[in-house]
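> Just a sequence and a predicted model for now, questions to come.
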Amino acid sequence: MDESGGSGQPRPGTDEAHRHQPDRATPATDSPRPDDPGPGPAGAEPDPAGRAPQAGTGDDRPDRPDDTHGPDAHGGDDRTTGGRHEQHGASHPHEAHRTLAHSAPGKGPAPQRAPEPRGGLLMGRPFGVPVYVAPSWFLVAALITWVFGGQLERVLPELGAARYLVSLFFAVAFYASVLVHELAHTVAALRYKLPVRRIQLQFFGGVSEIEKEAETPGREFVLAFVGPLLSLVLAGLFYLALQPVEPGTVPGVLLAGLMISNLIVAAFNLLPGLPLDGGRMLRAVVWKITGRPMSGTVAAAWVGRALAVSVLIGLPLLTQSGALGRDAVDNVGMDTVMDALLAAILAAIIWTGAGNSLRVARLREHLPELRARALTRRAVPVESDTPLSEALRRANAAGARALVVVDADGDPVSLVREAAIVGVPEHRRPWVAVSGLAQDITDGMRVSAELAGEDLLEVLRATPATEYLVVEDTGEIYGVLSAADVERAFVKAMARPS
(Lines give C-alpha, C1' and ligand atoms only; values in the text may rest on other atoms or scores of the structure.)
Protein backbone atom coordinates (compact mmCIF):
# COMPACT_ATOMS: atom_id res chain seq x y z
CA MET A 1 0.00 0.00 0.00
CA ASP A 2 1.12 3.43 -0.75
CA GLU A 3 1.37 5.83 2.08
CA SER A 4 1.82 9.50 2.74
CA GLY A 5 4.85 11.63 2.30
CA GLY A 6 6.06 14.75 3.93
CA SER A 7 7.45 18.11 3.03
CA GLY A 8 10.22 16.93 0.81
CA GLN A 9 12.33 19.97 -0.04
CA PRO A 10 15.85 19.14 -1.13
CA ARG A 11 18.52 20.20 1.28
CA PRO A 12 20.12 23.29 -0.20
CA GLY A 13 23.75 23.99 0.36
CA THR A 14 24.76 20.37 0.79
CA ASP A 15 27.77 18.95 -0.96
CA GLU A 16 26.41 15.43 -0.87
CA ALA A 17 25.51 15.45 -4.53
CA HIS A 18 29.06 16.53 -5.37
CA ARG A 19 30.54 13.76 -3.29
CA HIS A 20 28.38 11.05 -4.81
CA GLN A 21 27.98 12.39 -8.33
CA PRO A 22 31.33 13.84 -9.37
CA ASP A 23 30.77 12.87 -12.94
CA ARG A 24 27.68 14.82 -13.87
CA ALA A 25 28.67 17.17 -16.64
CA THR A 26 27.85 18.41 -20.07
CA PRO A 27 29.17 16.21 -22.87
CA ALA A 28 32.34 17.31 -24.51
CA THR A 29 31.61 19.56 -27.45
CA ASP A 30 34.87 19.16 -29.33
CA SER A 31 34.59 16.99 -32.42
CA PRO A 32 36.50 13.73 -32.01
CA ARG A 33 39.71 13.77 -33.98
CA PRO A 34 40.67 10.52 -35.78
CA ASP A 35 44.33 11.50 -35.61
CA ASP A 36 44.23 12.08 -31.87
CA PRO A 37 47.79 11.28 -30.73
CA GLY A 38 48.46 8.43 -28.37
CA PRO A 39 46.74 7.61 -25.10
CA GLY A 40 45.34 10.33 -22.92
CA PRO A 41 46.22 11.13 -19.32
CA ALA A 42 47.06 8.44 -16.85
CA GLY A 43 44.16 6.13 -16.37
CA ALA A 44 42.70 6.91 -19.77
CA GLU A 45 43.13 3.39 -21.07
CA PRO A 46 40.10 1.09 -20.81
CA ASP A 47 39.78 -0.70 -17.52
CA PRO A 48 41.37 -4.17 -17.73
CA ALA A 49 38.39 -5.63 -15.91
CA GLY A 50 36.14 -4.58 -18.72
CA ARG A 51 34.28 -1.82 -16.90
CA ALA A 52 32.87 1.23 -18.55
CA PRO A 53 34.96 4.41 -18.40
CA GLN A 54 35.16 5.91 -14.95
CA ALA A 55 34.35 9.40 -13.87
CA GLY A 56 36.82 12.20 -13.71
CA THR A 57 37.64 14.02 -10.53
CA GLY A 58 34.86 16.53 -10.87
CA ASP A 59 33.07 18.95 -13.11
CA ASP A 60 35.54 21.34 -14.60
CA ARG A 61 33.12 23.33 -16.71
CA PRO A 62 32.66 26.83 -15.27
CA ASP A 63 29.33 27.33 -17.00
CA ARG A 64 27.79 24.29 -15.36
CA PRO A 65 24.93 25.28 -13.04
CA ASP A 66 25.07 24.20 -9.44
CA ASP A 67 22.80 21.15 -9.25
CA THR A 68 22.46 21.02 -5.52
CA HIS A 69 20.94 24.42 -4.86
CA GLY A 70 17.61 26.03 -5.38
CA PRO A 71 14.07 24.76 -4.97
CA ASP A 72 13.06 21.56 -6.66
CA ALA A 73 10.16 21.26 -9.02
CA HIS A 74 8.61 18.83 -6.57
CA GLY A 75 9.63 20.63 -3.43
CA GLY A 76 6.84 21.09 -0.95
CA ASP A 77 4.28 18.75 0.44
CA ASP A 78 3.91 15.11 -0.47
CA ARG A 79 0.41 13.95 0.20
CA THR A 80 -0.68 10.41 -0.48
CA THR A 81 -1.98 7.79 1.88
CA GLY A 82 -3.31 4.33 1.56
CA GLY A 83 -6.53 3.07 3.10
CA ARG A 84 -7.67 -0.45 3.87
CA HIS A 85 -9.99 -0.16 0.90
CA GLU A 86 -7.90 2.39 -0.97
CA GLN A 87 -4.33 2.16 -2.02
CA HIS A 88 -2.66 5.25 -3.40
CA GLY A 89 -0.09 3.84 -5.72
CA ALA A 90 0.58 6.80 -7.87
CA SER A 91 3.75 6.50 -9.78
CA HIS A 92 4.50 4.03 -7.17
CA PRO A 93 8.18 4.40 -6.34
CA HIS A 94 8.63 0.70 -5.69
CA GLU A 95 7.23 -0.10 -9.08
CA ALA A 96 9.55 2.36 -10.80
CA HIS A 97 12.41 0.85 -8.83
CA ARG A 98 11.67 -2.63 -10.09
CA THR A 99 11.32 -1.45 -13.68
CA LEU A 100 14.74 0.18 -13.57
CA ALA A 101 16.39 -2.74 -11.87
CA HIS A 102 15.19 -5.14 -14.56
CA SER A 103 15.90 -3.03 -17.64
CA ALA A 104 17.24 -5.37 -20.30
CA PRO A 105 20.67 -4.43 -21.62
CA GLY A 106 20.20 -6.21 -24.91
CA LYS A 107 19.64 -4.31 -28.10
CA GLY A 108 16.23 -4.66 -29.67
CA PRO A 109 13.19 -2.72 -30.82
CA ALA A 110 12.50 0.68 -29.38
CA PRO A 111 11.13 0.35 -25.84
CA GLN A 112 7.38 0.49 -25.57
CA ARG A 113 5.30 2.09 -22.86
CA ALA A 114 5.01 -0.08 -19.78
CA PRO A 115 1.89 -2.26 -20.00
CA GLU A 116 -1.08 -1.42 -17.87
CA PRO A 117 -0.82 -3.13 -14.49
CA ARG A 118 -3.10 -6.11 -14.14
CA GLY A 119 -4.53 -7.59 -11.00
CA GLY A 120 -6.58 -10.63 -11.96
CA LEU A 121 -9.77 -10.90 -13.97
CA LEU A 122 -10.85 -7.66 -15.67
CA MET A 123 -14.52 -7.01 -14.88
CA GLY A 124 -15.08 -3.63 -16.52
CA ARG A 125 -14.02 0.00 -16.72
CA PRO A 126 -16.43 2.25 -14.82
CA PHE A 127 -15.43 5.90 -15.27
CA GLY A 128 -12.59 4.61 -17.44
CA VAL A 129 -10.89 2.87 -14.50
CA PRO A 130 -10.22 -0.88 -14.89
CA VAL A 131 -11.73 -3.08 -12.17
CA TYR A 132 -9.97 -6.37 -11.46
CA VAL A 133 -10.95 -9.33 -9.31
CA ALA A 134 -7.84 -10.84 -7.74
CA PRO A 135 -7.49 -14.63 -7.48
CA SER A 136 -7.68 -14.31 -3.68
CA TRP A 137 -11.27 -13.09 -4.04
CA PHE A 138 -12.40 -16.55 -5.12
CA LEU A 139 -10.93 -17.95 -1.91
CA VAL A 140 -12.76 -15.48 0.31
CA ALA A 141 -15.95 -15.93 -1.75
CA ALA A 142 -15.79 -19.66 -1.06
CA LEU A 143 -15.19 -18.96 2.63
CA ILE A 144 -18.16 -16.57 2.83
CA THR A 145 -20.34 -19.08 0.99
CA TRP A 146 -19.42 -21.80 3.47
CA VAL A 147 -19.86 -19.67 6.61
CA PHE A 148 -23.06 -17.96 5.50
CA GLY A 149 -24.42 -21.29 4.29
CA GLY A 150 -23.97 -22.69 7.80
CA GLN A 151 -25.95 -19.77 9.21
CA LEU A 152 -28.71 -20.29 6.66
CA GLU A 153 -28.98 -23.94 7.68
CA ARG A 154 -30.03 -22.81 11.16
CA VAL A 155 -32.33 -20.01 9.95
CA LEU A 156 -33.81 -21.62 6.82
CA PRO A 157 -33.29 -25.39 7.11
CA GLU A 158 -35.83 -26.04 4.36
CA LEU A 159 -33.43 -24.68 1.73
CA GLY A 160 -31.24 -27.76 1.87
CA ALA A 161 -28.26 -27.66 -0.49
CA ALA A 162 -29.72 -24.59 -2.22
CA ARG A 163 -28.54 -22.56 0.74
CA TYR A 164 -25.04 -22.48 -0.79
CA LEU A 165 -26.40 -20.84 -3.93
CA VAL A 166 -28.01 -18.19 -1.73
CA SER A 167 -24.73 -17.83 0.15
CA LEU A 168 -22.78 -17.40 -3.09
CA PHE A 169 -25.22 -14.69 -4.15
CA PHE A 170 -24.59 -12.97 -0.81
CA ALA A 171 -20.81 -13.13 -1.33
CA VAL A 172 -21.12 -11.53 -4.77
CA ALA A 173 -23.55 -8.87 -3.50
CA PHE A 174 -21.27 -8.07 -0.57
CA TYR A 175 -18.29 -7.49 -2.86
CA ALA A 176 -20.50 -5.40 -5.12
CA SER A 177 -20.99 -3.21 -2.05
CA VAL A 178 -17.22 -3.10 -1.59
CA LEU A 179 -16.89 -2.03 -5.21
CA VAL A 180 -19.31 0.85 -4.57
CA HIS A 181 -17.11 1.83 -1.60
CA GLU A 182 -14.07 1.89 -3.91
CA LEU A 183 -15.89 3.75 -6.65
CA ALA A 184 -16.64 6.47 -4.12
CA HIS A 185 -12.90 6.94 -3.60
CA THR A 186 -12.36 6.83 -7.35
CA VAL A 187 -15.02 9.40 -8.22
CA ALA A 188 -13.67 11.76 -5.55
CA ALA A 189 -10.14 11.33 -6.88
CA LEU A 190 -11.21 12.01 -10.46
CA ARG A 191 -13.13 15.05 -9.23
CA TYR A 192 -9.83 16.40 -7.87
CA LYS A 193 -8.00 15.58 -11.13
CA LEU A 194 -6.13 12.67 -9.52
CA PRO A 195 -5.72 9.79 -12.00
CA VAL A 196 -6.74 6.33 -10.78
CA ARG A 197 -4.70 3.41 -12.11
CA ARG A 198 -7.10 0.59 -11.20
CA ILE A 199 -9.51 -0.86 -8.64
CA GLN A 200 -8.83 -4.35 -7.34
CA LEU A 201 -11.17 -6.57 -5.32
CA GLN A 202 -9.13 -8.95 -3.21
CA PHE A 203 -9.11 -11.07 -0.07
CA PHE A 204 -9.89 -8.42 2.54
CA GLY A 205 -11.95 -5.90 0.62
CA GLY A 206 -10.79 -3.64 -2.18
CA VAL A 207 -8.02 -1.28 -3.23
CA SER A 208 -8.20 1.90 -5.30
CA GLU A 209 -4.79 2.85 -6.68
CA ILE A 210 -4.68 6.62 -7.05
CA GLU A 211 -1.60 7.87 -8.88
CA LYS A 212 -1.26 11.32 -7.36
CA GLU A 213 -1.59 12.83 -3.92
CA ALA A 214 -4.27 15.14 -2.61
CA GLU A 215 -3.02 18.72 -2.60
CA THR A 216 -4.61 19.81 0.68
CA PRO A 217 -5.58 18.15 3.97
CA GLY A 218 -9.21 18.98 3.24
CA ARG A 219 -9.15 17.01 0.01
CA GLU A 220 -7.28 14.19 1.74
CA PHE A 221 -10.03 14.02 4.36
CA VAL A 222 -12.77 13.95 1.73
CA LEU A 223 -11.00 11.25 -0.31
CA ALA A 224 -10.80 9.05 2.78
CA PHE A 225 -14.29 9.75 4.15
CA VAL A 226 -16.38 9.14 1.03
CA GLY A 227 -15.73 5.37 1.12
CA PRO A 228 -17.12 4.70 4.62
CA LEU A 229 -19.87 7.24 3.91
CA LEU A 230 -21.08 5.23 0.90
CA SER A 231 -20.95 2.03 2.97
CA LEU A 232 -23.20 3.70 5.56
CA VAL A 233 -25.55 4.86 2.80
CA LEU A 234 -25.75 1.32 1.44
CA ALA A 235 -26.49 -0.01 4.93
CA GLY A 236 -29.32 2.51 5.19
CA LEU A 237 -30.72 1.51 1.80
CA PHE A 238 -30.66 -2.17 2.70
CA TYR A 239 -32.40 -1.32 5.99
CA LEU A 240 -35.17 0.52 4.13
CA ALA A 241 -35.53 -2.34 1.65
CA LEU A 242 -35.80 -4.77 4.57
CA GLN A 243 -38.86 -3.08 6.10
CA PRO A 244 -41.56 -4.45 3.77
CA VAL A 245 -39.93 -7.88 3.57
CA GLU A 246 -41.23 -10.73 5.70
CA PRO A 247 -38.67 -11.89 8.29
CA GLY A 248 -37.33 -15.43 8.02
CA THR A 249 -37.39 -15.45 4.22
CA VAL A 250 -34.47 -15.61 1.79
CA PRO A 251 -34.81 -11.92 0.76
CA GLY A 252 -35.08 -10.92 4.40
CA VAL A 253 -31.95 -12.82 5.42
CA LEU A 254 -29.97 -11.48 2.45
CA LEU A 255 -30.97 -7.85 3.04
CA ALA A 256 -30.22 -8.13 6.76
CA GLY A 257 -26.83 -9.69 6.04
CA LEU A 258 -25.91 -6.98 3.53
CA MET A 259 -27.03 -4.24 5.91
CA ILE A 260 -24.90 -5.62 8.75
CA SER A 261 -21.88 -6.30 6.53
CA ASN A 262 -21.87 -2.74 5.18
CA LEU A 263 -22.12 -1.37 8.71
CA ILE A 264 -19.11 -3.49 9.65
CA VAL A 265 -17.16 -2.28 6.60
CA ALA A 266 -17.91 1.35 7.44
CA ALA A 267 -17.08 0.96 11.13
CA PHE A 268 -13.86 -0.94 10.46
CA ASN A 269 -12.64 1.61 7.93
CA LEU A 270 -13.40 4.51 10.27
CA LEU A 271 -10.92 3.21 12.87
CA PRO A 272 -8.30 5.99 13.23
CA GLY A 273 -5.14 4.29 12.09
CA LEU A 274 -3.30 3.78 8.82
CA PRO A 275 -3.78 2.08 6.44
CA LEU A 276 -7.53 2.38 7.09
CA ASP A 277 -9.63 5.26 5.79
CA GLY A 278 -10.01 6.52 9.34
CA GLY A 279 -6.22 6.67 9.60
CA ARG A 280 -6.11 8.82 6.48
CA MET A 281 -8.72 11.09 8.00
CA LEU A 282 -6.61 11.36 11.17
CA ARG A 283 -3.58 12.10 9.01
CA ALA A 284 -5.48 14.91 7.29
CA VAL A 285 -6.45 16.42 10.64
CA VAL A 286 -2.89 16.33 12.00
CA TRP A 287 -1.61 17.66 8.69
CA LYS A 288 -4.04 20.58 8.94
CA ILE A 289 -2.99 21.35 12.51
CA THR A 290 0.77 21.03 12.03
CA GLY A 291 1.06 22.08 8.41
CA ARG A 292 3.22 19.00 7.70
CA PRO A 293 1.79 15.91 5.99
CA MET A 294 4.71 13.88 7.33
CA SER A 295 3.61 14.62 10.91
CA GLY A 296 0.13 13.39 10.05
CA THR A 297 1.53 10.20 8.56
CA VAL A 298 3.69 9.45 11.59
CA ALA A 299 0.80 10.01 14.01
CA ALA A 300 -1.70 7.95 12.00
CA ALA A 301 0.80 5.15 11.37
CA TRP A 302 1.62 4.72 15.06
CA VAL A 303 -2.07 4.77 15.93
CA GLY A 304 -2.47 2.08 13.26
CA ARG A 305 0.19 -0.07 14.92
CA ALA A 306 -1.50 0.34 18.29
CA LEU A 307 -4.77 -0.62 16.61
CA ALA A 308 -3.15 -3.76 15.17
CA VAL A 309 -2.06 -4.86 18.66
CA SER A 310 -5.54 -4.10 20.01
CA VAL A 311 -7.16 -6.24 17.29
CA LEU A 312 -4.72 -9.10 17.89
CA ILE A 313 -5.47 -9.20 21.63
CA GLY A 314 -8.93 -7.71 21.88
CA LEU A 315 -10.88 -9.54 19.17
CA PRO A 316 -10.33 -13.06 20.61
CA LEU A 317 -11.14 -11.75 24.10
CA LEU A 318 -14.39 -10.18 22.90
CA THR A 319 -15.53 -13.33 21.12
CA GLN A 320 -14.46 -15.51 24.04
CA SER A 321 -16.44 -13.39 26.46
CA GLY A 322 -19.57 -13.53 24.34
CA ALA A 323 -19.64 -9.75 23.82
CA LEU A 324 -20.06 -10.21 20.04
CA GLY A 325 -23.30 -12.13 20.32
CA ARG A 326 -22.35 -15.73 21.09
CA ASP A 327 -22.50 -17.49 24.40
CA ALA A 328 -19.14 -17.58 26.13
CA VAL A 329 -19.46 -21.32 26.80
CA ASP A 330 -19.73 -21.97 23.08
CA ASN A 331 -16.48 -20.21 22.24
CA VAL A 332 -14.14 -23.14 22.59
CA GLY A 333 -12.34 -25.47 20.24
CA MET A 334 -12.39 -24.65 16.53
CA ASP A 335 -14.30 -21.37 17.00
CA THR A 336 -11.57 -20.06 19.28
CA VAL A 337 -8.87 -21.01 16.79
CA MET A 338 -10.75 -19.35 13.92
CA ASP A 339 -11.26 -16.17 15.94
CA ALA A 340 -7.57 -16.04 16.83
CA LEU A 341 -6.57 -16.67 13.21
CA LEU A 342 -8.87 -13.93 11.93
CA ALA A 343 -7.52 -11.51 14.52
CA ALA A 344 -3.94 -12.36 13.54
CA ILE A 345 -4.64 -11.79 9.84
CA LEU A 346 -6.36 -8.44 10.46
CA ALA A 347 -3.61 -7.33 12.84
CA ALA A 348 -0.91 -8.28 10.34
CA ILE A 349 -2.63 -6.35 7.55
CA ILE A 350 -2.98 -3.23 9.69
CA TRP A 351 0.55 -3.41 11.13
CA THR A 352 2.13 -3.98 7.72
CA GLY A 353 0.12 -1.19 6.13
CA ALA A 354 1.11 1.24 8.89
CA GLY A 355 4.78 0.34 8.47
CA ASN A 356 4.56 0.77 4.71
CA SER A 357 2.96 4.17 5.26
CA LEU A 358 5.98 5.32 7.24
CA ARG A 359 8.51 3.95 4.74
CA VAL A 360 6.83 5.40 1.68
CA ALA A 361 6.31 8.72 3.48
CA ARG A 362 10.05 8.89 4.14
CA LEU A 363 10.72 8.13 0.49
CA ARG A 364 8.32 10.79 -0.73
CA GLU A 365 9.93 13.32 1.57
CA HIS A 366 13.28 12.73 -0.13
CA LEU A 367 11.94 11.99 -3.61
CA PRO A 368 12.52 15.55 -4.90
CA GLU A 369 16.25 14.95 -4.42
CA LEU A 370 16.14 12.54 -7.39
CA ARG A 371 17.02 15.08 -10.07
CA ALA A 372 17.99 14.32 -13.63
CA ARG A 373 20.50 17.17 -13.70
CA ALA A 374 22.35 15.90 -10.62
CA LEU A 375 22.38 12.25 -11.71
CA THR A 376 23.42 12.76 -15.32
CA ARG A 377 26.79 11.43 -16.49
CA ARG A 378 29.18 13.40 -18.64
CA ALA A 379 29.15 12.05 -22.20
CA VAL A 380 31.29 12.39 -25.32
CA PRO A 381 30.01 12.18 -28.92
CA VAL A 382 31.45 9.56 -31.27
CA GLU A 383 30.71 8.50 -34.83
CA SER A 384 29.02 5.14 -35.42
CA ASP A 385 32.17 3.53 -36.91
CA THR A 386 34.46 4.59 -34.05
CA PRO A 387 36.23 1.59 -32.47
CA LEU A 388 35.19 0.96 -28.90
CA SER A 389 38.76 1.24 -27.62
CA GLU A 390 39.14 4.69 -29.19
CA ALA A 391 35.75 5.82 -27.87
CA LEU A 392 36.68 4.70 -24.35
CA ARG A 393 40.03 6.48 -24.60
CA ARG A 394 38.31 9.74 -25.53
CA ALA A 395 35.75 9.31 -22.77
CA ASN A 396 38.42 8.71 -20.13
CA ALA A 397 40.45 11.65 -21.39
CA ALA A 398 37.39 13.87 -20.99
CA GLY A 399 36.48 12.43 -17.60
CA ALA A 400 33.23 11.10 -19.04
CA ARG A 401 31.30 7.93 -18.31
CA ALA A 402 28.95 7.71 -21.30
CA LEU A 403 29.11 7.61 -25.09
CA VAL A 404 26.61 9.18 -27.49
CA VAL A 405 26.66 8.08 -31.12
CA VAL A 406 26.09 11.05 -33.44
CA ASP A 407 25.48 11.34 -37.19
CA ALA A 408 27.44 13.41 -39.70
CA ASP A 409 25.66 16.57 -38.55
CA GLY A 410 26.49 15.93 -34.89
CA ASP A 411 22.92 15.01 -33.93
CA PRO A 412 22.57 12.15 -31.41
CA VAL A 413 21.13 8.95 -32.86
CA SER A 414 21.88 6.26 -30.26
CA LEU A 415 23.39 5.59 -26.85
CA VAL A 416 26.16 3.08 -26.21
CA ARG A 417 24.94 0.72 -23.52
CA GLU A 418 27.18 0.36 -20.49
CA ALA A 419 26.28 -3.32 -20.10
CA ALA A 420 27.31 -3.97 -23.69
CA ILE A 421 30.68 -2.31 -23.12
CA VAL A 422 31.35 -4.52 -20.12
CA GLY A 423 30.57 -7.59 -22.20
CA VAL A 424 33.30 -6.87 -24.78
CA PRO A 425 36.75 -8.26 -23.83
CA GLU A 426 39.51 -5.68 -23.88
CA HIS A 427 41.46 -7.39 -26.66
CA ARG A 428 38.44 -7.18 -28.99
CA ARG A 429 37.62 -3.52 -28.39
CA PRO A 430 39.78 -2.13 -31.21
CA TRP A 431 37.73 -4.20 -33.73
CA VAL A 432 34.23 -3.52 -32.32
CA ALA A 433 32.41 -0.41 -33.54
CA VAL A 434 30.32 1.50 -31.03
CA SER A 435 27.29 1.29 -33.32
CA GLY A 436 27.00 -2.42 -32.57
CA LEU A 437 26.68 -1.70 -28.86
CA ALA A 438 24.23 1.18 -29.08
CA GLN A 439 20.49 1.52 -28.68
CA ASP A 440 18.55 3.89 -30.94
CA ILE A 441 17.23 6.97 -29.18
CA THR A 442 13.43 7.15 -29.16
CA ASP A 443 11.32 10.11 -28.08
CA GLY A 444 10.73 8.48 -24.71
CA MET A 445 14.47 8.20 -24.14
CA ARG A 446 14.95 11.97 -24.32
CA VAL A 447 14.73 13.30 -20.79
CA SER A 448 14.64 16.93 -19.76
CA ALA A 449 17.45 17.98 -17.44
CA GLU A 450 14.86 19.79 -15.31
CA LEU A 451 12.91 16.66 -14.38
CA ALA A 452 12.93 15.60 -10.74
CA GLY A 453 11.09 13.46 -8.21
CA GLU A 454 7.92 11.72 -9.30
CA ASP A 455 7.95 13.38 -12.71
CA LEU A 456 11.36 11.86 -13.43
CA LEU A 457 10.32 8.39 -12.25
CA GLU A 458 7.11 8.57 -14.30
CA VAL A 459 9.03 9.39 -17.48
CA LEU A 460 11.50 6.56 -16.91
CA ARG A 461 8.72 4.12 -16.12
CA ALA A 462 6.84 5.04 -19.30
CA THR A 463 9.85 4.07 -21.45
CA PRO A 464 11.99 1.40 -19.77
CA ALA A 465 15.62 1.57 -20.89
CA THR A 466 19.11 1.33 -19.43
CA GLU A 467 20.27 4.78 -20.56
CA TYR A 468 18.51 8.02 -21.44
CA LEU A 469 19.69 11.10 -23.31
CA VAL A 470 19.35 14.17 -21.10
CA VAL A 471 18.77 17.43 -22.94
CA GLU A 472 18.32 21.07 -21.99
CA ASP A 473 15.13 22.94 -22.77
CA THR A 474 16.95 24.40 -25.77
CA GLY A 475 17.57 20.90 -27.13
CA GLU A 476 21.29 20.93 -26.33
CA ILE A 477 22.70 17.62 -25.13
CA TYR A 478 23.39 17.65 -21.40
CA GLY A 479 24.59 14.07 -20.90
CA VAL A 480 23.38 10.53 -20.31
CA LEU A 481 21.24 9.32 -17.44
CA SER A 482 21.80 5.72 -16.39
CA ALA A 483 18.87 3.79 -14.95
CA ALA A 484 21.31 2.14 -12.55
CA ASP A 485 22.30 5.53 -11.15
CA VAL A 486 18.65 6.41 -10.56
CA GLU A 487 18.12 3.07 -8.85
CA ARG A 488 21.06 3.63 -6.50
CA ALA A 489 19.84 7.14 -5.66
CA PHE A 490 16.37 5.72 -5.07
CA VAL A 491 17.69 3.14 -2.61
CA LYS A 492 19.69 5.83 -0.78
CA ALA A 493 16.56 7.96 -0.47
CA MET A 494 14.67 5.01 0.99
CA ALA A 495 17.38 4.41 3.60
CA ARG A 496 17.87 8.03 4.59
CA PRO A 497 16.00 9.04 7.78
CA SER A 498 13.51 11.86 7.69
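Great, that's in hand. Numbering: from 1, shown residues only.

> what's the single longest helix in the chain?
helix 334-366 (DSSP state H).

> right, and the helix or strand after that one?
Downstream of helix 334-366, the first helix or strand assigned by DSSP states H and E is helix 372-375.

> for the longest helix of the chain, packing partners?
The contact analysis (3 or more C-beta pairs under 8 Å, 6 or more residues apart in numbering; DSSP states H and E) places helix 334-366 against helix 93-101, helix 293-321, helix 483-495. (Glycine included, C-beta is placed from N, CA and C.)

> what secondary structure does residue 244 sit in?
Under DSSP: H, G, I helix; E, B strand; the rest coil, residue 244 falls in the coil class.

> Give me the distance between it and residue 256.
Using C-beta to C-beta, to the nearest Å, residue 244 is found at 13 Å from residue 256.

> more neighbours, these two?
Neighbours were tallied for residue 244 and for residue 256 using other C-beta atoms under 10 Å; the higher tally belongs to residue 256 (16 against 8).

> Can you tell me the closest non-neighbouring residue to the more buried one?
Excluding the flanking residues, the one nearest residue 256 by C-beta to C-beta, 6 or more residues apart in numbering is residue 242, at 6.0 Å.

> just the strands in this protein please.
For the chain, applying DSSP state E gives strands covering 121-124, 131-133, 196-202, 205-210, 379-383, 402-406, 412-416, 438-440, 446-448, 467-471, 477-482.

> By mean pLDDT, show me the worst of these.
Mean pLDDT is lowest for strand 205-210 among the strands of the chain, at a mean of 88.

> which helices and strands sit right next to it?
Counting contacts by 3+ C-beta pairs under 8 Å, 6+ apart, strand 205-210 packs against helix 163-191, strand 196-202.

> Pull out the buried residues from the first one.
To tie it back to what came earlier, the one meant is helix 163-191. By neighbour count on 16 or more other C-beta atoms under 10 Å, the buried set for helix 163-191 is 163-164, 166-168, 170-171, 174-175, 177-186, 188-189.

> separation between the residue nearest to residue 340 when sequence neighbours are not counted and residue 363?
Of all residues not flanking residue 340 in the chain, residue 316 sits nearest, at 5.0 Å (C-beta to C-beta, 6+ apart). To residue 363, residue 316 is 35 Å away according to C-beta to C-beta.

> which one of these two has more residues nearby?
Legend: neighbour count by other C-beta under 10 Å for residue 316 and residue 363, higher for residue 363 (25 against 20).

> mind showing which ranges of the stretch 301-450 of the chain have poor pLDDT?
322-335 (pLDDT under 70).

> The stretch 101-250 of the chain too?
For the stretch 101-250 of the chain, the ranges with pLDDT under 70 are 101-119.

> Try it again at 80.
101-119, 203-204 (pLDDT under 80).

> buried ones in the longest helix of the chain?
Buried-residue list, helix 334-366, by 16+ other C-beta under 10 Å: 339, 343, 346-347, 349-351, 353-358, 360-366.

> what do you get for stretch 144-162?
Residues of stretch 144-162 classed as buried by neighbour count (16+ other C-beta under 10 Å): 144-145, 148-149, 152, 156, 159.

> Among those, find me the one that's closest to residue 283.
For the buried residues of stretch 144-162, the closest approach to residue 283 (C-beta to C-beta) belongs to residue 144, at 31.1 Å.

> Who are the contact partners of the residue lying closest to the closest one once chain neighbours are set aside?
Nearest residue to residue 144 in three dimensions, chain neighbours excluded: residue 171, at 4.0 Å (C-beta to C-beta, 6+ apart). Residue 171 is in contact with 140-141, 144-145, 148, counting by C-beta atoms under 8 Å, 6 or more residues apart in numbering.

> Kindly check the end-to-end length of stretch 413-433 for me.
15 Å (C-alpha to C-alpha, to the nearest Å).

> likewise stretch 288-299?
Chord length of stretch 288-299, first to last residue, is 13 Å (C-alpha to C-alpha).

> Repeat that for stretch 362-375.
20 Å.

> do you know which of the helices and strands packed on strand 205-210 lies nearest residue 478?
Of these, the one closest to residue 478 (C-beta to C-beta) turns out to be strand 196-202, at 31.0 Å.
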